[in-house]
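K.L.:
Pasting the sequence and the predicted coordinates here, then a few questions.
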Amino acid sequence: MAKDRKEIFGSWTKKLTMSIEELEKEFQERLPEVKIKYNKLDEKEANEFLIAQMYGEFKRQFASPAKKFQGIFIGFTGIQDADSWTRRETQKTVDELGKEKALEQGFTNEEGKLLFNDKDVRFKWRHGKPIPDYTPQRRLYGICREEKGDLVPFLMYDGQCKKIPVLFKPSDFRANSKSKAEDGFYQMNAASITDYKIIKDEGIDFVEYSKKYFRENCVSLQNLYNGQDVWKPSKEAKVSQFVITRGEVPKIVITEGQKADGREKNNVIELSEMSGDMTLEKDSKNVAGFVNKEVPINFAEGGVAYVIGSPFLSKEGDRMMNVFGIWPDPKYSIIIPDPEEPITKENGNNKSAPEEENDENWA
């Protein structure tokens, strides 16, 4: 690789989730086509022209204020309507006041559209603006750091809902955040350019990470439900929207079809309590875990898994949980490998050599 090109690509990596080697690979793959299309250019001109093309394609990412992070995602929610409560409560108020008073008091505009108002206490800057008919959003959880800083827990809000990360593997990504590592916690928002790239294709010891970064979220399945009460993380927890628990998974149901509201049905797992000697508790009640389709279930029934999720009780008192992530214990689970990419004419003879792995210690 030419020295000047290496320096250029090196400066780009500060804003991209791509390495110098990956940029060079893309450059070399595209260069022959540039030489054919623009055959009046000499070697130096063709190289410079392609670098200019690539820069233009990445320009939006270079201009973004989003910071670069390295982290491990442990779970994410399904796509939810972030403004459903505000919309519902505002509509209720409009129905009570009537159209004229609702308009006078700023709950609707002249077209009858619902407006953000005093009920939306968190985001006063939105007051007076129309409430969208649907505001898609998901939450993502994990640990991350900037550059070479310390790993700390994070909560990310994603209003793009276009891409999801691979769970339990170190990844590069970019996001907007006003938090700092010194705060002991990052609260961030996904940017339009946010993407996720695995930088170490190797699983982690989730038990150790849980003890180190999410101790206040960990609870035994036996203590998770107590009559009509559901256990919650203490105030010391950096992120309080989920718990981490462990159980045997005697049943996995992969569903098909859609719910009445048009959303895809969740997959379902059953969690059973276990005693310290790995035997099932005879009098325990199973927990139904609802797993959105994007969360992988890569182990066989009968295995033991650590589950990240939000527990609740049904109206009938049944124990349930919305599941954001599942880490099967490799000692007590049969792991189902990911299906291999089918070999085609296009990729069969063009397997690139695997990249050198980052051996950095993540703990």
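P.N.:
Sure, I can see it.
K.L.:
Show me what the residue nearest to A288 when sequence neighbours are not counted bridges to in the sheet.
P.N.:
Nearest non-adjacent residue to A288, counting by C-beta to C-beta, 6 or more residues apart in numbering: M320, 4.9 Å away. Where you see a C-beta, it was placed from the backbone N, CA and C, and this is true even at glycine. Per DSSP bridges, the residues bridged to M320 are A288, F312.
K.L.:
My read is that M320 contacts P311, right?
P.N.:
Yes. Contact criterion C-beta atoms under 8 Å: M320 and P311 qualify, at 7.1 Å.
K.L.:
higher neighbour count, these two?
P.N.:
The residue with more neighbours, out of M320 and P311, is P311; 22 against 18, by other C-beta atoms under 10 Å.
K.L.:
Which stretches in the chain count as strands?
P.N.:
Using DSSP state E, the strands of the chain run over 67-76, 80-81, 136-146, 152-158, 171-177, 186-190, 196-198, 225-226, 229-230, 243-253, 267-272, 287-291, 303-313, 319-328.
K.L.:
Can you redo those strands as a markdown table, where the extra columns are mean pLDDT and distance to R5?
P.N.:
Formatted as a markdown table, these follow (pLDDT from 0 to 100; distance: least, C-beta to C-beta, whole Å):
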| stretch | mean pLDDT | distance to R5 |
| --- | --- | --- |
| strand 67-76 | 94 | 21 |
| strand 80-81 | 90 | 45 |
| strand 136-146 | 94 | 27 |
| strand 152-158 | 95 | 34 |
| strand 171-177 | 91 | 21 |
| strand 186-190 | 92 | 31 |
| strand 196-198 | 91 | 21 |
| strand 225-226 | 89 | 60 |
| strand 229-230 | 92 | 57 |
| strand 243-253 | 95 | 46 |
| strand 267-272 | 95 | 47 |
| strand 287-291 | 95 | 46 |
| strand 303-313 | 96 | 43 |
| strand 319-328 | 96 | 40 |
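K.L.:
and F73, how many neighbours?
P.N.:
Neighbours of F73 (other C-beta under 10 Å): 24.
K.L.:
Quickly list what it is bridged to.
P.N.:
Beta-bridge partners, per DSSP bridges, of F73: G142, L167.
K.L.:
And it, how close does it get to I143?
P.N.:
9 Å (C-beta to C-beta, to the nearest Å).
K.L.:
try K15
P.N.:
K15 is 22 Å from I143, by C-beta to C-beta.
K.L.:
For the closest residue to V166 other than its chain neighbours, list the residues it contacts.
P.N.:
For V166, ignoring the flanking residues on the chain, the nearest one in space by C-beta to C-beta, 6+ apart is I198 at 5.7 Å. Listed by C-beta atoms under 8 Å, 6 or more residues apart in numbering, the contact set of I198 reads 166, 169-171.
K.L.:
how about the residue nearest to the spatial centre of the chain, what does it touch?
P.N.:
In the chain, the centroid-proximal residue (C-alpha atoms, centre = their mean) is L140; its distance is 3.9 Å. Counting by C-beta under 8 Å, 6+ apart, L140 makes contact with 73, 75-77, 155-156, 158, 165, 190.
K.L.:
hmm, 7 Å instead?
P.N.:
Contacts for L140 (C-beta atoms under 7 Å, 6 or more residues apart in numbering) come out as 73, 76, 156, 158.
K.L.:
Wait, V243 touches N217, no?
P.N.:
Yes. Between V243 and N217 there is a contact at 5.4 Å, judged by C-beta atoms under 7 Å.
K.L.:
list the residues that contact both of those two?
P.N.:
P233.
K.L.:
thinking again about what came up before, quick one: the residue nearest to the centre of the chain and V219, what's the gap?
P.N.:
L140 sits at a distance of 21 Å from V219 (criterion: C-beta to C-beta).
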